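In: sequence isn't available, so here's the structure alone:
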């Protein structure tokens, strides 16, 4: 499904389509999110280092927010506003699952980091980039480094475990807060 379909709001009734109506719809949108993440990762990694550009590397990463935003936003709204506990719980779980999947496939993926590093250290230096594009690259690379992707594999594994633990604690907090 094209993510832009979620943005096609021309009249008030169209807003209803932004929100899943059943637990099965939440799970289906979760799978759509995984497909968007997989496509972005595959598209980035398919480009040989010498052919990397802002458009085929950084922009692909950036545009993923447009694909995931409406889906994730729907989950967030349901988690906070649905009167049905099973919908709130399913939306919360979908948010955690999508976040973990993004971490695994993109944000904590050493191959993705390497692709960005190759681009930043190589072709980006000769490409004419706007201030915003340079800022975006700096922020993404800083995020990768804060996540430990520049560390040796053994150290990176410790960071990944700590991040997973923090995500689990965050989920437990959100569940506890929802039941207050």
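Out: All right, it came through fine. Quantities reported herein were computed from a predicted structural model and do not represent experimental measurements.
In: where does the protein dip in pLDDT?
Out: Scanning the chain for pLDDT under 70 picks out 1-8, 175-180.
In: repeat that with 80
Out: By pLDDT under 80, the low-scoring segments of the chain are 1-10, 13-17, 167-168, 171-172, 174-180.
In: centroid-nearest residue for it?
Out: Centroid check for the chain by C-alpha atoms, centre = their mean gives residue 102 as the closest residue, at 4.5 Å.
In: list the contacts of the spatially closest residue to that residue that is not a sequence neighbour.
Out: Leaving aside its chain neighbours, residue 102 sits nearest to residue 37 (5.7 Å; criterion: C-beta to C-beta, 6 or more residues apart in numbering). C-beta coordinates here come from the backbone N, C-alpha and C atoms, glycine included. The neighbours of residue 37, taking C-beta atoms under 8 Å, 6 or more residues apart in numbering as the test, are 64, 68, 98, 101, 102, 105, 106.
In: do residue 121 as well
Out: Applying C-beta under 8 Å, 6+ apart, no residues qualify as near residue 121.
In: give me the neighbour count for residue 17.
Out: 14 (other C-beta atoms under 10 Å).
In: okay, strands next: where are they in this structure?
Out: Read by DSSP state E, the chain holds no strands at all.
In: can you give me the helices in it?
Out: Along the chain, counting by DSSP state H, helices occupy 23-45, 59-81, 85-102, 110-121, 131-146, 153-178.
In: residue 141 is in contact with residue 116, correct?
Out: Yes - with contacts defined as C-beta atoms under 8 Å, residue 116 counts as touching residue 141 at a distance of 6.3 Å.
In: ok, the two, which is more surrounded?
Out: More neighbours surround residue 116 than the other of residue 116 and residue 141, with 22 against 19 (other C-beta under 10 Å).
In: wait, what's in contact with the more buried one?
Out: Per C-beta under 8 Å, 6+ apart, neighbours of residue 116: 57, 58, 61, 137, 140, 141, 144.
In: pull out the buried residues from these.
Out: 57, 58, 61, 137, 140, 141, 144 (16 or more other C-beta atoms under 10 Å).
In: leaving out sequence neighbours, find the closest residue to residue 113.
Out: Per C-beta to C-beta, 6+ apart, closest to residue 113 is residue 149, 3.9 Å.
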